[in-house]
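Asker: sequence? don't have it. structure:
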(Lines give C-alpha, C1' and ligand atoms only; values in the text may rest on other atoms or scores of the structure.)
Protein backbone atom coordinates (compact mmCIF):
# COMPACT_ATOMS: atom_id res chain seq x y z
CA UNK A 1 0.00 0.00 0.00
CA UNK A 2 1.42 3.34 -1.10
CA UNK A 3 2.40 5.77 1.61
CA UNK A 4 -0.02 8.64 2.09
CA UNK A 5 1.39 12.00 1.07
CA UNK A 6 1.52 14.62 3.78
CA UNK A 7 -0.16 17.96 2.84
CA UNK A 8 2.28 20.61 1.75
CA UNK A 9 2.74 23.30 4.46
CA UNK A 10 3.12 25.90 1.71
CA UNK A 11 -0.27 24.99 0.21
CA UNK A 12 -1.82 24.98 3.66
CA UNK A 13 -0.50 28.48 4.31
CA UNK A 14 -1.77 29.67 0.91
CA UNK A 15 -5.25 28.28 1.56
CA UNK A 16 -5.35 30.02 4.93
CA UNK A 17 -4.28 33.32 3.38
CA UNK A 18 -6.93 33.03 0.65
CA UNK A 19 -9.60 32.31 3.26
CA UNK A 20 -8.55 35.32 5.32
CA UNK A 21 -8.47 37.58 2.26
CA UNK A 22 -11.92 36.46 1.13
CA UNK A 23 -13.36 37.90 4.34
CA UNK A 24 -11.98 41.37 3.60
CA UNK A 25 -11.95 41.69 -0.19
CA UNK A 26 -14.77 43.59 -1.89
CA UNK A 27 -17.53 41.34 -3.18
CA UNK A 28 -18.10 41.54 -6.92
CA UNK A 29 -21.81 42.25 -6.43
CA UNK A 30 -21.32 44.82 -3.64
CA UNK A 31 -23.94 47.54 -3.58
CA UNK A 32 -21.43 50.05 -2.25
CA UNK A 33 -18.79 52.19 -3.92
CA UNK A 34 -15.40 51.68 -2.34
CA UNK A 35 -12.57 54.08 -1.66
CA UNK A 36 -9.34 54.39 -3.62
CA UNK A 37 -6.30 56.65 -3.60
CA UNK A 38 -6.06 59.33 -6.26
CA UNK A 39 -3.21 61.77 -6.96
CA UNK A 40 -4.04 65.21 -5.60
CA UNK A 41 -2.85 66.80 -8.85
CA UNK A 42 -5.40 64.75 -10.84
CA UNK A 43 -8.30 66.39 -9.01
CA UNK A 44 -9.88 69.78 -9.68
CA UNK A 45 -12.72 71.66 -7.97
CA UNK A 46 -16.13 71.98 -9.57
CA UNK A 47 -16.52 75.59 -10.80
CA UNK A 48 -20.27 75.32 -10.14
CA UNK A 49 -19.75 74.34 -6.51
CA UNK A 50 -22.22 76.19 -4.26
CA UNK A 51 -19.56 76.97 -1.68
CA UNK A 52 -17.36 79.86 -2.81
CA UNK A 53 -15.63 81.07 0.37
CA UNK A 54 -12.98 79.01 2.19
CA UNK A 55 -11.64 80.63 5.36
CA UNK A 56 -7.87 80.27 5.64
CA UNK A 57 -7.85 79.69 9.40
CA UNK A 58 -10.47 76.94 9.14
CA UNK A 59 -8.53 75.20 6.36
CA UNK A 60 -5.35 75.30 8.42
CA UNK A 61 -7.19 73.82 11.38
CA UNK A 62 -8.61 71.03 9.19
CA UNK A 63 -5.16 70.39 7.69
CA UNK A 64 -3.67 70.05 11.18
CA UNK A 65 -6.42 67.61 12.20
CA UNK A 66 -5.88 65.51 9.07
CA UNK A 67 -2.11 65.53 9.60
CA UNK A 68 -2.58 64.19 13.13
CA UNK A 69 -5.45 61.74 12.65
CA UNK A 70 -5.37 61.04 8.92
CA UNK A 71 -8.20 61.45 6.43
CA UNK A 72 -11.20 59.93 8.18
CA UNK A 73 -13.69 60.52 5.37
CA UNK A 74 -13.09 60.08 1.62
CA UNK A 75 -13.97 62.86 -0.80
CA UNK A 76 -16.51 62.24 -3.55
CA UNK A 77 -15.28 62.45 -7.16
CA UNK A 78 -16.77 62.24 -10.64
CA UNK A 79 -14.77 61.43 -13.78
CA UNK A 80 -13.76 64.51 -15.73
CA UNK A 81 -15.39 64.21 -19.13
CA UNK A 82 -12.86 66.62 -20.61
CA UNK A 83 -9.68 64.76 -19.64
CA UNK A 84 -8.85 61.08 -19.24
CA UNK A 85 -7.58 60.12 -15.80
CA UNK A 86 -8.78 63.36 -14.28
CA UNK A 87 -11.45 63.89 -11.64
CA UNK A 88 -13.86 66.64 -10.55
CA UNK A 89 -14.79 67.12 -6.90
CA UNK A 90 -18.43 66.41 -6.12
CA UNK A 91 -18.06 66.83 -2.36
CA UNK A 92 -15.12 67.36 -0.04
CA UNK A 93 -13.24 70.31 -1.53
CA UNK A 94 -12.14 71.48 1.93
CA UNK A 95 -10.47 68.09 2.59
CA UNK A 96 -8.74 68.28 -0.81
CA UNK A 97 -7.45 71.79 -0.07
CA UNK A 98 -6.30 70.68 3.38
CA UNK A 99 -4.43 67.73 1.84
CA UNK A 100 -2.59 70.15 -0.45
CA UNK A 101 -1.69 72.33 2.54
CA UNK A 102 -0.18 69.23 4.15
CA UNK A 103 1.82 68.47 1.02
CA UNK A 104 0.07 65.14 0.46
CA UNK A 105 0.51 63.62 -2.99
CA UNK A 106 -2.66 61.51 -2.85
CA UNK A 107 -6.04 61.57 -1.17
CA UNK A 108 -8.69 58.98 -0.36
CA UNK A 109 -11.76 59.17 -2.62
CA UNK A 110 -14.95 57.42 -3.71
CA UNK A 111 -16.22 57.57 -7.28
CA UNK A 112 -19.72 58.96 -7.78
CA UNK A 113 -21.46 58.12 -11.05
CA UNK A 114 -24.84 59.71 -10.29
CA UNK A 115 -25.78 63.34 -10.79
CA UNK A 116 -22.81 65.24 -9.30
CA UNK A 117 -24.70 68.52 -8.93
CA UNK A 118 -27.45 66.91 -6.87
CA UNK A 119 -24.94 65.05 -4.68
CA UNK A 120 -22.87 68.20 -4.13
CA UNK A 121 -25.89 70.29 -3.18
CA UNK A 122 -27.26 67.65 -0.83
CA UNK A 123 -23.98 67.50 1.08
CA UNK A 124 -23.62 71.27 1.14
CA UNK A 125 -27.16 71.83 2.41
CA UNK A 126 -26.35 69.51 5.30
CA UNK A 127 -23.33 71.60 6.31
CA UNK A 128 -23.77 74.17 9.05
CA UNK A 129 -20.97 76.41 7.74
CA UNK A 130 -22.46 77.08 4.32
CA UNK A 131 -24.01 80.56 4.17
CA UNK A 132 -27.76 80.82 3.50
CA UNK A 133 -27.00 82.74 0.28
CA UNK A 134 -24.73 79.92 -0.96
CA UNK A 135 -27.47 77.40 -0.15
CA UNK A 136 -30.14 79.46 -1.92
CA UNK A 137 -28.01 80.10 -5.01
CA UNK A 138 -27.05 76.46 -5.30
CA UNK A 139 -30.67 75.38 -4.97
CA UNK A 140 -31.86 77.96 -7.51
CA UNK A 141 -29.20 76.92 -10.02
CA UNK A 142 -30.14 73.27 -9.61
CA UNK A 143 -33.84 73.99 -10.16
CA UNK A 144 -33.18 76.11 -13.24
CA UNK A 145 -30.64 73.75 -14.85
CA UNK A 146 -32.54 70.55 -14.10
CA UNK A 147 -35.94 72.02 -14.88
CA UNK A 148 -37.21 70.88 -11.49
CA UNK A 149 -40.29 72.12 -9.73
CA UNK A 150 -39.94 73.13 -6.09
CA UNK A 151 -41.80 69.95 -5.14
CA UNK A 152 -39.26 67.82 -7.03
CA UNK A 153 -36.38 69.70 -5.37
CA UNK A 154 -37.94 69.25 -1.94
CA UNK A 155 -38.35 65.49 -2.48
CA UNK A 156 -34.81 65.03 -3.83
CA UNK A 157 -33.23 67.02 -1.01
CA UNK A 158 -35.32 65.55 1.79
CA UNK A 159 -36.88 68.91 2.67
CA UNK A 160 -40.42 70.22 2.78
CA UNK A 161 -41.70 72.40 -0.03
CA UNK A 162 -42.10 75.25 2.47
CA UNK A 163 -38.39 75.00 3.39
CA UNK A 164 -37.36 75.12 -0.28
CA UNK A 165 -39.66 78.07 -0.93
CA UNK A 166 -38.36 79.96 2.10
CA UNK A 167 -34.74 79.37 1.10
CA UNK A 168 -35.34 80.66 -2.42
CA UNK A 169 -36.97 83.78 -1.00
CA UNK A 170 -33.52 84.92 0.16
CA UNK A 171 -32.62 85.53 -3.49
CA UNK A 172 -35.19 88.33 -3.68
CA UNK A 173 -32.90 90.43 -1.46
CA UNK A 174 -30.74 93.02 -3.28
CA UNK A 175 -27.45 91.71 -4.67
CA UNK A 176 -25.41 93.93 -2.34
CA UNK A 177 -27.12 92.38 0.70
CA UNK A 178 -26.50 88.86 -0.62
CA UNK A 179 -22.82 89.64 -1.23
CA UNK A 180 -22.46 91.12 2.26
CA UNK A 181 -23.81 87.89 3.75
CA UNK A 182 -21.65 85.81 1.41
CA UNK A 183 -18.45 87.58 2.52
CA UNK A 184 -19.48 87.56 6.21
CA UNK A 185 -19.73 91.36 6.26
CA UNK A 186 -23.24 90.78 7.56
CA UNK A 187 -23.84 87.90 9.96
CA UNK A 188 -27.55 87.25 9.62
CA UNK A 189 -29.05 83.80 10.41
CA UNK A 190 -31.05 82.06 7.70
CA UNK A 191 -34.45 82.51 9.37
CA UNK A 192 -33.78 86.23 9.83
CA UNK A 193 -32.75 86.57 6.17
CA UNK A 194 -35.99 84.92 5.11
CA UNK A 195 -38.00 87.32 7.26
CA UNK A 196 -35.97 90.24 5.94
CA UNK A 197 -36.74 89.20 2.37
CA UNK A 198 -40.44 89.64 3.14
CA UNK A 199 -39.84 93.37 3.67
CA UNK A 200 -40.50 95.12 0.38
CA UNK A 201 -40.11 98.74 1.52
CA UNK A 202 -36.53 99.83 0.81
CA UNK A 203 -36.38 102.37 3.66
CA UNK A 204 -37.59 99.83 6.22
CA UNK A 205 -35.12 97.26 4.95
CA UNK A 206 -32.26 99.76 5.23
CA UNK A 207 -33.11 100.47 8.87
CA UNK A 208 -33.13 96.75 9.58
CA UNK A 209 -29.78 96.30 7.83
CA UNK A 210 -28.36 99.04 10.05
CA UNK A 211 -29.50 96.97 13.05
CA UNK A 212 -27.82 93.91 11.51
CA UNK A 213 -24.52 95.75 11.13
CA UNK A 214 -24.77 96.76 14.78
CA UNK A 215 -25.44 93.15 15.77
CA UNK A 216 -28.95 93.97 17.04
CA UNK A 217 -31.17 92.47 14.35
CA UNK A 218 -33.75 89.97 15.64
CA UNK A 219 -36.76 88.20 14.19
CA UNK A 220 -38.93 90.21 16.58
CA UNK A 221 -37.49 93.48 15.25
CA UNK A 222 -38.09 92.44 11.64
CA UNK A 223 -41.70 91.46 12.30
CA UNK A 224 -42.32 94.66 14.25
CA UNK A 225 -40.97 96.71 11.33
CA UNK A 226 -43.11 94.74 8.89
CA UNK A 227 -46.20 95.29 11.03
CA UNK A 228 -45.57 99.04 11.22
CA UNK A 229 -44.97 99.25 7.45
CA UNK A 230 -48.30 97.53 6.86
CA UNK A 231 -50.05 100.00 9.13
CA UNK A 232 -50.64 97.68 12.06
CA UNK A 233 -49.00 99.99 14.62
CA UNK A 234 -45.73 99.76 16.54
CA UNK A 235 -43.12 102.40 17.21
CA UNK A 236 -40.18 101.08 15.20
CA UNK A 237 -38.09 98.04 14.35
CA UNK A 238 -37.01 97.53 17.95
CA UNK A 239 -40.54 97.62 19.34
CA UNK A 240 -43.16 94.94 19.69
CA UNK A 241 -46.00 95.56 17.24
CA UNK A 242 -49.24 96.81 18.69
CA UNK A 243 -52.31 94.63 18.65
CA UNK A 244 -53.57 94.28 15.10
CA UNK A 245 -56.91 95.94 14.42
CA UNK A 246 -59.35 94.25 12.13
CA UNK A 247 -58.48 95.22 8.55
CA UNK A 248 -61.02 97.46 6.90
CA UNK A 249 -60.05 96.71 3.32
CA UNK A 250 -60.95 93.43 1.68
CA UNK A 251 -59.00 91.71 -1.05
CA UNK A 252 -60.13 92.56 -4.56
CA UNK A 253 -61.26 89.19 -5.84
CA UNK A 254 -61.59 90.57 -9.35
CA UNK A 255 -57.86 91.33 -9.42
CA UNK A 256 -57.12 87.83 -8.13
CA UNK A 257 -59.39 86.30 -10.77
CA UNK A 258 -57.65 88.29 -13.52
CA UNK A 259 -54.25 87.10 -12.29
CA UNK A 260 -55.49 83.51 -12.11
CA UNK A 261 -56.84 83.70 -15.67
CA UNK A 262 -53.51 85.08 -16.93
CA UNK A 263 -51.61 82.28 -15.19
CA UNK A 264 -53.95 79.66 -16.61
CA UNK A 265 -53.40 81.03 -20.11
CA UNK A 266 -49.62 81.00 -19.63
CA UNK A 267 -49.79 77.38 -18.48
CA UNK A 268 -51.78 76.36 -21.55
CA UNK A 269 -49.23 78.03 -23.82
CA UNK A 270 -46.41 76.22 -22.04
CA UNK A 271 -44.30 79.36 -21.69
CA UNK A 272 -41.37 78.71 -19.28
CA UNK A 273 -40.96 80.94 -16.24
CA UNK A 274 -38.02 83.28 -15.88
CA UNK A 275 -36.20 83.09 -12.51
CA UNK A 276 -37.55 86.49 -11.41
CA UNK A 277 -41.12 85.50 -12.40
CA UNK A 278 -40.75 82.27 -10.46
CA UNK A 279 -39.66 84.14 -7.34
CA UNK A 280 -42.56 86.59 -7.67
CA UNK A 281 -45.09 83.77 -7.94
CA UNK A 282 -43.54 81.95 -4.98
CA UNK A 283 -43.87 85.09 -2.86
CA UNK A 284 -47.45 85.60 -4.05
CA UNK A 285 -48.33 82.00 -3.19
CA UNK A 286 -46.94 82.39 0.33
CA UNK A 287 -48.86 85.62 0.85
CA UNK A 288 -52.09 83.98 -0.29
CA UNK A 289 -51.54 81.00 2.01
CA UNK A 290 -50.77 83.32 4.92
CA UNK A 291 -53.91 85.35 4.24
CA UNK A 292 -56.03 82.18 4.04
CA UNK A 293 -54.60 80.92 7.32
CA UNK A 294 -56.06 83.95 9.09
CA UNK A 295 -59.52 82.60 8.46
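Answerer: That came through, no problem. Please read all numbers here as calculations on a predicted model, not as lab measurements. Numbering: from 1, shown residues only.
Asker: below-threshold pLDDT in the stretch 51-200 of the chain: ranges please.
Answerer: Within the stretch 51-200 of the chain, the ranges that satisfy pLDDT under 70 run 51-53, 116-117, 120-129.
Asker: how about 80 then?
Answerer: Along the stretch 51-200 of the chain, the model assigns pLDDT under 80 to residues 51-56, 81-83, 113-130, 142, 145-146, 156-158, 184.
Asker: show me where it has its helices.
Answerer: Here the stretch 51-200 of the chain has its helices, by DSSP state H, counting those that start in this stretch, at 56-69, 93-101, 116-125, 132-146, 150-157, 161-169, 175-182, 190-197.
Asker: now residue 143: how far from residue 38?
Answerer: 31 Å (C-beta to C-beta, to the nearest Å). Yep, even glycine has a C-beta here, placed from its N, CA and C like the rest.
Asker: okay, the two: which has more neighbours?
Answerer: residue 38 (21 against 18; other C-beta atoms under 10 Å).
Asker: need the contact list for the more buried one.
Answerer: Residue 38 sits next to 77, 87, 106, 107, 109 when contact means C-beta atoms under 8 Å, 6 or more residues apart in numbering.
Asker: 10 Å instead?
Answerer: 74-75, 77, 85-87, 96, 106-111 (C-beta atoms under 10 Å, 6 or more residues apart in numbering).
Asker: okay, and the beta partners of it?
Answerer: For residue 38, the beta-bridge partners are residue 107 (DSSP bridges).
Asker: which pLDDT does the model give it?
Answerer: Per-residue confidence (pLDDT) for residue 38: 91.
Asker: picking that back up, with distance to residue 259 added, can I get the helices of the stretch 51-200 of the chain in JSON lines?
Answerer: Listed next are the helices of the stretch 51-200 of the chain as JSON lines, based on distance: least, C-beta to C-beta, whole Å:
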{"stretch": "helix 56-69", "distance to residue 259": "47"}
{"stretch": "helix 93-101", "distance to residue 259": "44"}
{"stretch": "helix 116-125", "distance to residue 259": "32"}
{"stretch": "helix 132-146", "distance to residue 259": "23"}
{"stretch": "helix 150-157", "distance to residue 259": "19"}
{"stretch": "helix 161-169", "distance to residue 259": "19"}
{"stretch": "helix 175-182", "distance to residue 259": "28"}
{"stretch": "helix 190-197", "distance to residue 259": "21"}
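Asker: wait, which of those is closest to residue 268?
Answerer: For the helices of the stretch 51-200 of the chain, proximity to residue 268 was assessed by C-beta to C-beta; helix 150-157 is nearest, at 20.5 Å.
Asker: domain parsing for this structure?
Answerer: For the chain, automatic domain parsing gives the domain ranges 36-115, 122-229.
Asker: take those domains and write them to a markdown table, including distance to residue 267.
Answerer: Listed next are those as a markdown table, based on distance: least, C-beta to C-beta, whole Å:
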| stretch | distance to residue 267 |
| --- | --- |
| domain 36-115 | 27 |
| domain 122-229 | 13 |
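Asker: and of the ones you listed, who's closest to residue 258?
Answerer: For residue 258, the closest of these is domain 122-229, at 21.2 Å, according to C-beta to C-beta.
Asker: circling back to that earlier point, which among the contacts of residue 38 gets closest to residue 175?
Answerer: Distances from residue 175 to the contacts of residue 38, taken by C-beta to C-beta, are shortest for residue 96, at 29.6 Å.
Asker: hmm, the closest one is touching residue 90, no?
Answerer: No. Residue 96 is beyond contact range of residue 90, at 11.0 Å (criterion: C-beta atoms under 10 Å).
Asker: those two: which has the busier surroundings?
Answerer: residue 90 (25 against 21).
Asker: which neighbours do residue 96 and residue 90 share?
Answerer: 75, 77, 109.
Asker: residues in a beta bridge with the first one, which ones?
Answerer: Note on residue 75: beta-bridge partners residue 109, judged by DSSP bridges.
Asker: wait, what's in contact with it?
Answerer: Contacts of residue 75 (C-beta under 10 Å, 6+ apart): 35, 38, 43, 87, 89-96, 99, 107-110, 112.
Asker: just checking, residue 155 touches residue 118?
Answerer: No. Counting by C-beta under 10 Å, residue 155 stays clear of residue 118, with 11.5 Å between them.
Asker: for those two, indicate the residue with more neighbours.
Answerer: residue 118 (17 against 14).
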